[in-house]
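Enquirer: Predicted model and sequence follow; I will ask about them next.
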Amino acid sequence: MKKILLLATGGTIASVVGEDGLTPGMTADELISYLPAHNHLYQVDSKVLMEIDSTNMQPEFWVRIAEAVYKNYDDYDGFVITHGTDTMSYTSAALSYMLQNMSKPVVITGSQVPIHNNHTDAIHNMRNAAQFACENIGGVFIVFDGKVINGTRAVKVRTRSYDAFESINHPYVAYFEGDEIKYTTSVAPVQNQEMMLDISLCPDVFLLKLHPGTKPELFDYLKQHYKGVIIEGFGLGGVPTQGRNLLPKIIELIEAGVAVVITTQCLEEGGDLTLYEVGRRVGREQIISSKDMNKEAIVPKLMWALGKSNDLKEIKELMETSIADDTTL
Ligand SMILES: NC(=O)C[C@H](N)C(=O)O
């Protein structure tokens with residue numbers, strides 16, 4: 001029988017109707033009472049780490065979750081983290097960077113409808129998550145609506161439907177057919193390496209989505225207040241070079257020691273800086289390429305890289321190295 005630790009963080013899955021609408025408030029024991037009482041696969045302990053709607057999630061809370069897994073790592077075979085769906089993909093990616101070399105699964109799940117409502121998806125998701133937490137696999141995963149998604153590849157693409165998440169630029173790790181887990185790809189055998197907790201995050205990161213008309217002056221503020229700026233450019237990563245020309249401002253950011261990542265606003269297929277003026281004019285050795293990473297992974301990865309180094313070259317190398325399968329380009 002496997003030992004699973006369920007760490008509750010809040011979200012719709014644990015919400016009850018309060019005076020101002022839905023608010024997380026269920027105890028962890030109430031949550032686990034929805035798991036099958038008689039099962040031969042796992043025994044579950046639980047702890048409430050926080051009770052927040054995930055719109056209130058902060059990098060400091062990712063650290064608390066990572067520390068809780070690390071502290072209990074030797075005593076359990078797998079972990080289930082219940083979490084709101086809105087920022088779940090950021091948390092799953094953040095944990096993928098902070099908890100490395102794991103030989104056990106950390107499975108994040110939640111729901112679109114509270115667990116005590118009719119037609120809830122929570123019970124199904126929790127049961128699938130607990131079952132996947134018993135697998136002989138290492139890493140961070142999101143289990144949702146019968147799919148298992150690699151922790152660095154999930155994006156919430158639907159606000160209401162049960163199938164809220166997609167795996168972007170990467171196949172699902174596995175899916176559920178009834179009670180059976182079907183893997184879509186061969187999974188690397190679990191290595192017995194020492195697991196690593198790496199939690200020094202620098203939260204001074206800004207994500208800027210460009211639109212026709214973005215004002216260059218904005219960059220003066222960014223230069224003063226942030227150590228890393230992620231620019232969501234157009235298409236493969238295009239940035240305006242005429243009219244409200246942003247190129248000189250990007251150069252100023254880099255000269256001031258700010259790490260600049262250029263990514264794309266398109267959901268699929270990633271960016272390519274070799275094709276565009278920004279890559280050519282600023283110099284590809286200065287700009288960090290997002291390759292085919294999702295913004296939900298780029299944001300915590302840049303916080304994590306900035307927490308390890310102030311050297312732009314080192315930060316670029318960390319960012320452009322595939323970690324936890326976050327990029328394949
Ligand atoms: N379905 C949900 O969990 C949404 C909720 N606002 C949250 O992210 O906490």
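Expert: Yes, it's here. Residues are numbered from 1 along each chain as shown.
Enquirer: Every contact and neighbour count from this point should use C-alpha atoms.
Expert: Will do.
Enquirer: backbone phi and psi for whatever residue of the stretch 101-250 of the chain ends up closest to the ligand, please?
Expert: Going by Cα to the nearest ligand atom, the ligand is nearest to Gln112 of the stretch 101-250 of the chain, at 4.0 Å. Dihedral pair for Gln112: phi -90, psi -20, per degrees, to the nearest 10.
Enquirer: which residues touch it?
Expert: 12-13, 85, 120-122, 160-162, 164 (Cα atoms under 8 Å, 6 or more residues apart in numbering).
Enquirer: Of those residues, which qualify as buried by neighbour count?
Expert: Buried by 16 or more other Cα atoms under 10 Å: 12-13, 85, 120-122, 162, 164, out of those.
Enquirer: which one of those residues is nearest Phe132?
Expert: When these are ranked by distance to Phe132 (Cα to Cα), Ala122 comes first, at 15.1 Å.
Enquirer: Quick check, pLDDT for the residue in the stretch 201-329 of the chain that the ligand sits nearest to.
Expert: In the stretch 201-329 of the chain, the residue that lies nearest the ligand is Glu296 (14.2 Å; Cα to the nearest ligand atom). As predicted, Glu296 sits at a pLDDT of 98.
Enquirer: pretty sure it contacts Ser89?
Expert: Yes. Counting by Cα atoms under 8 Å, Ser89 is a contact partner of Glu296 at 5.9 Å.
Enquirer: about what we covered before: what about the residue lying closest to the residue of the stretch 201-329 of the chain closest to the ligand once chain neighbours are set aside, which SS state?
Expert: Spatial nearest neighbour of Glu296, chain neighbours left out: Tyr90 (4.7 Å); criterion: Cα to Cα, 6 or more residues apart in numbering. Put simply, Tyr90 is helix when judged by DSSP: H, G, I helix; E, B strand; the rest coil.
Enquirer: Quickly note the distance from Tyr90 to Glu232.
Expert: According to Cα to Cα, to the nearest Å, Tyr90 and Glu232 sit 16 Å apart.
Enquirer: Likewise for Val155?
Expert: Distance from Val155 to Glu232, by Cα to Cα: 16 Å.
Enquirer: again with Gly21
Expert: 34 Å.
Enquirer: More neighbours: which of the two?
Expert: A count of neighbours by other Cα atoms under 10 Å puts Glu232 above the other of Gly21 and Glu232, at 24 against 8.
Enquirer: Direction included, what does the helix or strand harbouring the more buried one pair up with?
Expert: Assigned by DSSP states H and E, Glu232 belongs to strand 228-233. Applying DSSP bridges to the sheet, strand 228-233 is found paired with strand 205-209 (parallel), strand 259-264 (parallel).
Enquirer: Pick the most deeply packed of those.
Expert: strand 259-264 (a mean of 26; mean count of other Cα atoms under 10 Å).
Enquirer: quick one: that one to chain centroid distance?
Expert: The chain centroid and the centroid of strand 259-264 are separated by 17 Å, computed with Cα atoms, centre = their mean, to the nearest Å.
Enquirer: Do me a favour and average the pLDDT over it.
Expert: Here the average pLDDT along strand 259-264 is 96.
Enquirer: cool, stretch 242-253 as well?
Expert: The model assigns stretch 242-253 a mean pLDDT of 94.
Enquirer: With stretch 158-166 instead?
Expert: Here the average pLDDT along stretch 158-166 is 97.
Enquirer: now what about that stretch, what contacts it?
Expert: With Cα under 8 Å, 6+ apart, stretch 158-166 has contacts from 111-112, 121, 144-145, 149, 154-157.
Enquirer: let's see it at 6 Å
Expert: 145, 154-157 (Cα atoms under 6 Å, 6 or more residues apart in numbering).
Enquirer: Show the end-to-end separation of it, please.
Expert: 9 Å.
Enquirer: Around the ligand, pick out the residues from this structure.
Expert: Within the chain, the positions lying close to the ligand (Cα under 6 Å from any ligand atom) are 11-12, 53-55, 84-87, 111-112.
Enquirer: any chance of these in CSV, with pLDDT and secondary structure too?
Expert: Below are those laid out as CSV (pLDDT from 0 to 100; DSSP: H, G, I helix; E, B strand; the rest coil):
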residue, pLDDT, secondary structure
Gly11, 96, coil
Thr12, 94, helix
Asp53, 96, coil
Ser54, 98, helix
Thr55, 97, helix
Gly84, 98, coil
Thr85, 98, coil
Asp86, 98, coil
Thr87, 98, coil
Ser111, 97, coil
Gln112, 97, coil
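Enquirer: Any idea which helix or strand in the chain has the lowest mean pLDDT?
Expert: helix 277-282 (a mean of 71; mean pLDDT, DSSP states H and E).
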